[in-house]
Structure formats: structure tokens, C-alpha cells
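> A structural model of the following input is requested.
(one chain, ligands or ions: 3)
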Amino acid sequence: MKPVKVGICGLGTVGGGTFNVLSKNANDIARRAGREIIIAQVATRHPNPNVDTGDVAVTDNVMDVINNPEIDIVIELIGGYTIAKEVVLGAIANGKHVVTANKALIAVHGAEIFAAAEAKGVSVMYEAAVAGGIPIIKAIREGLAANRINWLAGIINGTGNFILTEMRDKGRDFADVLKEAQELGYAEADPTFDVEGIDAAHKLTILASIAYGIPLQFERCYTEGISKITQEDVEYADELGYRIKHLGISRRGENGIDLRVHPTMIPVARPIAKVDGVLNAVMVNGDAVGDTLYVGAGAGAGPTASAVVADVIDLARTMDAPATAAVNHLAFDTIEKTYVLPIEDVETAYYLRIQVQDKTGVLASVATILSERGINIEAIIQKEPKAEDDVAQIILLTHRIVERDMNAAILAIESLPSTVGEVTRIRVEQLD
Ligand SMILES: NC(=O)C1=CN([C@@H]2O[C@H](COP(=O)(O)OP(=O)(O)OC[C@H]3O[C@@H](n4cnc5c(N)ncnc54)[C@H](O)[C@@H]3O)[C@@H](O)[C@H]2O)C=CC1
Ligand SMILES: N[C@@H](CC=O)C(=O)O
Ligand code: NA
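Residues are numbered from 1 along each chain as shown. Ligands and ions are numbered 1, 2, ... in the order given. Just a heads-up that it's a prediction; the model follows:
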């Protein structure tokens, strides 16, 4: 069969990894794809010291790649919404298939991109966009295709998981670990996307869309990052038999679907609680299969390139087959109408940490506030002040309650004369 020619736009962490995997494993890849895959051209702003481009044509103008008539597949690895979008839409307009790792672009502009691709009869593939090297898109779309998906939950940001793990295991400082994650190529160009949960929200938006057949609706995803997690909370979680993980969670309920990214306390006995460092993990529950768990590296050159190249191989296998319709995300005429629940309507259990000046009678007042709102307490720890001028702490685990009621309870607790500062709240999930 005629070789497939690819053009790579962006030669940074993922672009460099993709170039190297395509070059190093060329023979295995050709065997699996049933044809040779040749890198015809690369567009990049900066050279990559880890890549020897040899005699491959290199340009600094992405339009050279998009307009190169030899190229069948454009691989977009620049990132962001501007040039990346031009590259993707330009490639589609020129009748080329696209592979991208850009979750921000897919989550926010996916509907426009997939519509353009459908109209042109080409495919846009994005396995690398969610959970890096884990073939989670393939698992949900193909492996679990028989199921009605009930819920999914995952650690889907490698940088965040790396930070939380280093904080817990080595007591390291947040900023210091983030810097290391950036040096290792895990973090987004703007690392607030990682630490404030935006990157995980992009990924959850994509996962939920495929899992439930619903539109991409990033703007409805509740998003909370890890930047407010303290060493204290990490230690108290341990004491209670829990781990704090930054999770993306989506559950199909009677009244709608929840779509939320936030720090979550999960029982230490759950396998996902032990998924540490840059590893990602996604649990998916389907009505026929039950619980499934997928674990692997969520960021970095090699793991992400693994997913990018797998998409290229998939395309190489199928793109010239007669009557092969482009597979683009969802069939648009089957998209389900759904209601994404506002976070106030979502029900979870809670960890609360309340700082108090004088404990006498405070616990009773807190218990009254909670019970008046139907909130049951599961466990309590009280911590004496560490120094004379320090505050005492009351740590509570509650049963499940709708967030609106918990918000009201927290406001009331914060208004008590002996409460100091804001109440810390972390949502708790059993994941069963
Ligand atoms: N780093 C990681 O572990 C992962 C990254 N991703 C996604 O992959 C994409 C790329 O990320 P990284 O490789 O980390 O970024 P990077 O910053 O390391 O690389 C970006 C590349 O794009 C090039 N570039 C920027 N503007 C350009 C322009 N106008 N024309 C030509 N080239 C241009 C730069 O020179 C650089 O080579 C992003 O969408 C990111 O979200 C997805 C999964 C994992
Ligand atoms: N910045 C992202 C990269 C992969 O998607 C992460 O840390 O997970
Ligand atoms: Na993936």
C-alpha cells in the first residue's frame, strides 16, 4: 500500500516525542498499520534538542504543512486555541485528517471542528488529549460500546497528581514541585490550567461527551483546583483513612448529569487512591461490565506520543478503505439532550476543617447547625492548639448531603463567634 505522509506542527514535548516514536518504531508501526508512515514535514517555532530531524523538511510556518499536497495527516501539537485552531480547520479544509493532543481546543471548539470534519469526510482523532498514554477514548468508545455508562471518575491531570503526591510523601512545597513538573514537560504552557483544574475540566468534558453521547459543554463543568490544599488537610485525610486526589467526576443521575472537577477525599483502600506521581487513572462504570479501571502515564513526551501515534496508525489502517465513514467524536444526529446539574444540586459527603478559638461549646453549636440542615456526622477529630496563641481545629466527616444545604451550614458555622477564618471543605466520595 502507498505510504501515509504526516506533517507535524509543533516540536515541543509531545511533538518531539511523536517524531522520535515514529522514527524509532518505524518498522513495527508500518507492520501494524499495513503501510509505511513517513514524516514529510515539521513546522515549529523552536528546535527541539532531543530530536534529530535528519533530512525531514523543517519550516517555521504551519501553512507550509497545511498546504503541502503530499501530506495526508496533519498532527497538531502546538496547543492553545488560536494557531492550533487555524491549523486544524485549515488541514480539514484541505481534505487532510487531523490528529491532536489539544484537549483545550477539542473541549471548547470541538463541535465546530467535528462539523467541519464531517462535511469534508475526514477524521479528527484526539486520544492523546485525555489521560495521555492511557487509551481511554478507545476504551470508552470501542471497548465499552455495549454499555450504558453510569459514571466515571478519574485522576486526569498528571501535573496535579505529581504535586499532591510529592506534598504528601515528601512534604515538599507546592511551588517547588510545580516547577519540577514544568521542567519535566508535564505542565501546560499556562500552568494555572493544571493547578486550577481547567485542564482536567477540558478532559472530563470530552470523556463525558463520549461516555453519555452528550454535547461538549465545558462551560457547565464545575472546576476547582488544588492550589488551596494544605499539608494539614493531607495529613488529616491520612488520619481518617483517606487520600486527597484531584478528580474529574461525572455521574448520570435521575435529574441530570454531574460534571465536576475538584479535590476529593477517597478511601485509601480504593486502587485509584494509590495512583501516584504523574500517573493518571480513570474508573468507568458500565451497566453490563461493572467497574473498570485504566491506569498509565498521563503526561510526558513518550506516553503522550504513544497515544498520538496510535491515532495515526488507526487512520493509516482505515482512511483509504472504501465506505469508511469518518469517525468524528459522536454522530451528531444522535446527541442526547441532557441537563448538567449545577454544583449546588450535586450530592456528596464532606470533610470540614473548622478553626476555633475556644472549643468550649463550639462542637455542640456546630453539631446543631449541621443537624438542623439534616447533615449527619460520620467522624470527628479534635486537635488542640499547637502553640499558646494558635487555634484549635475541629475536623468532621459528614454523610452525603446536597451542596446547597452544606453551603448554608458552612455560612452559619463561619458566623459563630468562636470560628476563625473560613471553613475548609473537601468533597468525599466512596467511588462505589
Ligand atoms: N506535555 C504533555 O505531557 C502533554 C501535552 N498535551 C498537549 O499537547 C500539546 C503540546 O504540548 P507540549 O508539547 O507540552 O507543548 P510545548 O510547549 O512543549 O511545544 C509546543 C511546540 O509548538 C511550537 N509552536 C508554537 N507556536 C508555533 C507556531 N506558531 N508555529 C509553529 N510551531 C509553533 C513550539 O515551537 C513548540 O515546539 C498541547 O495541546 C498540550 O495540551 C497533551 C497531553 C500531554
Ligand atoms: N498538563 C497535562 C498534560 C497532559 O495532558 C497534565 O499534567 O496532565
Ligand atoms: Na489517552
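> for Ile226, give its distance to Gly79.
For Ile226, the distance to Gly79 (CB to CB, to the nearest Å) stands at 21 Å. Quick note: C-beta positions are derived from backbone N, CA and C, even for glycine.
> repeat that for Ile272.
Taken as CB to CB, the span from Ile272 to Gly79 is 28 Å.
> again with Gly132
Remark: distance between Gly132 and Gly79 (CB to CB) = 14 Å.
> ok, the two, which is more surrounded?
Each of Gly132 and Gly79 has its neighbours counted (other CB atoms under 10 Å); Gly132 has more, 30 against 23.
> and the helices in this protein?
Applying DSSP state H to the chain gives helices spanning 13-24, 26-33, 62-66, 83-93, 103-120, 136-138, 158-170, 174-183, 192-195, 198-212, 231-239, 301-318, 362-372, 403-414.
> looking at the ones you listed, which is closest to ligand 2?
Across the helices of the chain, ligand 2 has its closest neighbour in helix 158-170 (3.4 Å, CB to the nearest ligand atom).
> pull out the buried positions in the closest one.
Neighbour counts using 16 or more other CB atoms under 10 Å place Gly158, Thr159, Gly160, Asn161, Phe162, Ile163, Leu164, Thr165, Glu166, Met167, Arg168 of helix 158-170 among the buried residues.
> now check that helix, is it near ligand 2?
Yes: under the criterion of CB under 6 Å from any ligand atom, helix 158-170 makes contact with ligand 2 via Gly158, Thr159.
> that helix and ligand 1, any residue contact?
No: applying CB under 6 Å from any ligand atom, one finds helix 158-170 separated from ligand 1 by no less than 6.6 Å.
> could you give the mean pLDDT of that helix?
Mean pLDDT, helix 158-170: 95.
> quick one: neighbours of the residue of the chain found nearest ligand 1, just the number.
Of all residues in the chain, Gly12 sits closest to ligand 1, at 1.9 Å by CB to the nearest ligand atom. Neighbourhood size, Gly12 [other CB under 10 Å]: 19.
> my read: it touches Pro49, true?
No: the criterion here is CB atoms under 8 Å, and Gly12 misses it with Pro49 at 11.2 Å.
> and Glu384, what does it touch?
Ala392 (CB atoms under 8 Å, 6 or more residues apart in numbering).
> per-residue pLDDT, it?
The predicted local confidence for Glu384 is 88.
> ok, now Asp333?
In this prediction Asp333 is given a pLDDT of 57.
> make 476 the first number, not 1, from now on.
Yep, numbering from 476; the last one is Asp808 now.
> now Asp789. Nearest residue, chain neighbours left out?
Leaving aside its sequence neighbours, Asp789 sits nearest to Met600 (CB to CB, 6 or more residues apart in numbering; 6.6 Å).
> Val837: what's it in contact with?
Counting by CB under 8 Å, 6+ apart, Val837 touches Ile829, Val831, Ile869, Leu891, Ser893, Thr894.
> report pLDDT for the residue in the stretch 726-875 of the chain that ligand 3 sits nearest to.
Nearest residue of the stretch 726-875 of the chain to ligand 3: Ala782, at 4.5 Å (CB to the ion). With respect to pLDDT, Ala782 scores 98.
> was I right about it contacting Glu602?
Yes: the pair Ala782 and Glu602 qualifies as a contact (CB under 8 Å) at a distance of 4.2 Å.
> which residues are in contact with each of the two?
Each of Pro610 lies in contact with both Ala782 and Glu602 under the rule CB under 8 Å, 6+ apart.
> quick check: buried residues in stretch 723-737?
Neighbour-count burial for stretch 723-737, counted by 16+ other CB under 10 Å, picks out Gly723, Ile724, Ser725, Arg726, Arg727, Gly731, Ile732, Asp733, Leu734, Arg735, Val736, His737.
> ignore what I typed, I meant stretch 570-577.
Neighbour-count burial for stretch 570-577, counted by 16+ other CB under 10 Å, picks out Lys571, His572, Val573, Val574, Thr575, Ala576, Asn577.
> what sits up against that stretch?
The contact list for stretch 570-577 (CB under 8 Å, 6+ apart) reads 489, 541, 546-555, 559, 563, 566-567, 581, 592, 595-601, 603-604, 779, 782-783, 786-787, 790, 794.
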